[in-house]
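Trainee: this one's sequence-less:
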Ligand SMILES: COc1ccc([C@@H]2N[C@@H](C)[C@@H](O)[C@H]2O)cc1
């Protein structure tokens, strides 16, 4: 192990109640909302082919023109309570909300910037409205914050000159001020989701960022901060120079999901996902593949089956309304969650080998195992491989507990589960009550000699 002053300060998962609750969320909502929602990925009739929330970085719109969007920001259709109720019915148990994206526009009336909602026609504190509305619905709030701030005169990608260094020292103070301000103004927030931390300027600030993380955790005990916030003194990010995760959970799973448990290295993690291939802020066009409710449910089950949470992104329009396509997805996902949430909430990795029909999840702190089924074979029977010495004492449909399933043993620890219905149009859950098999159970199956 290399001696590190600013590497990870803890190895392994946090064991406190706040993090235990975070670990069991299962499904979350991400919301990207800011000035970028006004152009919605298009300007002067031309489409920006990048992610809509990055449009300020496009040469198709001058920075000053983009920044003057502040005078157009008056979201008359914004209703935080409606958003929170939609998230509640979807079954989201936490929300991550953009307080400041890379463009630097603050969705709260920050004392440290002129470029905030306070200077817009809307005037009111949007972060407060979101925190209060979601808290009222019992949904925990995580605040997204981009360190990279394109509109701040002291932001630098790299420190090349003395002038850069003097400017960036001012920027570091500004960043600390805003973070302390967010934690002070919105004490109900459970965590901070950092972004925009990959540039050399910030990566070089190992000591400053480490001290700032310590200060924030002291100010807000239990605060949840992911692995994307800071680098160690060798510039290592997410995992320090000893390969130990920085922060409380891994934040590397953006628009991608691990395939096997080894990839998560025994850490907590969440996956943040867009409905289109790569649009976080509102994009009028929504070109390319738009994920269906069933696809998103499969991603949710896959994340939970590997011990993580799935966080689905919504990009509200410039007027504050959530687009109908997203509301429809929230409703469909919510309908499924109402019936099957037991297999998602407070569940994690079952330790069984992955099988073709779908994903195993296991209720934390119990032996209760769930099969979240997405693929029914043409035979209509699911082939189920159980670990050795584990017997199935009961199997039944979660959505209809009376519908028992009698496993037919076809080999040692292998069963056929014959389904009553073959043509399922959406995923379903089978509950497996398991027990330990007698140690000395002689196998009646003979292995072939080859
Ligand atoms: C290719 O580099 C990036 C940089 C930042 C992002 C931001 N992270 C997501 C959570 C969104 O905020 C996106 O703008 C995405 C890709």
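Mentor: Received, thanks. What you see is a predicted model; the values in this text were computed from it and never measured.
Trainee: now stretch 310-322, how far from the centre of its chain.
Mentor: Centroid displacement of stretch 310-322 relative to its chain, using CA atoms, centre = their mean, to the nearest Å, is 14 Å.
Trainee: And it, end to end?
Mentor: 20 Å (CA to CA, to the nearest Å).
Trainee: buried residues in it?
Mentor: Buried positions in stretch 310-322, judged by neighbour count with 16 or more other CB atoms under 10 Å: 310, 311, 312, 313, 314, 315, 316, 317, 318, 320, 321, 322. C-beta coordinates here come from the backbone N, C-alpha and C atoms, glycine included.
Trainee: Hmm, the fifth one is touching residue 324, no?
Mentor: So that's residue 314. No - using CB atoms under 8 Å, residue 314 is not in contact with residue 324, being 11.9 Å away.
Trainee: what's the closest residue to the ligand within the stretch 301-450 of the chain sitting at in phi/psi?
Mentor: In the stretch 301-450 of the chain, the residue that lies nearest the ligand is residue 313 (7.7 Å; CB to the nearest ligand atom). The phi/psi pair for residue 313 (degrees, to the nearest 10) reads phi -90, psi 140.
Trainee: In contact with the nearest residue to it once chain neighbours are set aside, which residues are there?
Mentor: Among residues not flanking residue 313 along the chain, residue 30 sits closest, at 4.0 Å (CB to CB, 6 or more residues apart in numbering). Taking CB atoms under 8 Å, 6 or more residues apart in numbering as the contact definition, residue 30 lies against 95, 96, 144, 272, 280, 311, 312, 313, 314.
Trainee: helix or strand for residue 30, which one?
Mentor: strand 27-31 (DSSP states H and E).
Trainee: Give me the sheet partners of that strand and which way each runs.
Mentor: Here strand 27-31 has these sheet partners by DSSP bridges: strand 94-100 (parallel), strand 309-314 (parallel).
Trainee: so, in contact with the ligand or not, it?
Mentor: No - Strand 27-31 lies out of reach of the ligand by CB under 6 Å from any ligand atom, never closer than 7.1 Å.
Trainee: List of residues touching the following helix or strand past that strand?
Mentor: The helix or strand immediately downstream of strand 27-31 is strand 42-43, counting by DSSP H and E. By CB under 8 Å, 6+ apart, the residues outside strand 42-43 that reach it are 48, 55, 58, 60, 61, 284, 285.
Trainee: Recalculate using a threshold of 7 Å.
Mentor: 48, 55, 60, 61, 284, 285 (CB atoms under 7 Å, 6 or more residues apart in numbering).
Trainee: which residues pair with the residue nearest to residue 313 across the strands?
Mentor: residue 96, residue 313.
Trainee: interface residues of the stretch 1-150 of the chain facing the ligand?
Mentor: Checking the stretch 1-150 of the chain against the ligand by CB under 6 Å from any ligand atom, the hits are 32, 51, 53, 54.
Trainee: For the third one, which three-state class applies?
Mentor: Here residue 53 is recorded as helix under DSSP: H, G, I helix; E, B strand; the rest coil.
Trainee: That one contacts residue 36, doesn't it?
Mentor: Yes - between residue 53 and residue 36 a contact is recorded at 4.5 Å, counting by CB atoms under 7 Å.
Trainee: what about the helices in the protein?
Mentor: Secondary structure of the chain (DSSP state H): helices at 17-23, 63-67, 80-90, 126-136, 162-185, 200-203, 206-219, 293-305, 324-340.
Trainee: Make JSON lines out of the ones you listed and add mean neighbour count.
Mentor: JSON lines is the format used below for the helices of the chain (neighbours: other CB atoms under 10 Å):
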{"stretch": "helix 17-23", "mean neighbour count": "17"}
{"stretch": "helix 63-67", "mean neighbour count": "14"}
{"stretch": "helix 80-90", "mean neighbour count": "20"}
{"stretch": "helix 126-136", "mean neighbour count": "21"}
{"stretch": "helix 162-185", "mean neighbour count": "16"}
{"stretch": "helix 200-203", "mean neighbour count": "20"}
{"stretch": "helix 206-219", "mean neighbour count": "16"}
{"stretch": "helix 293-305", "mean neighbour count": "22"}
{"stretch": "helix 324-340", "mean neighbour count": "17"}
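Trainee: Of all those, which one comes closest to residue 385?
Mentor: helix 293-305 (14.9 Å; CB to CB).
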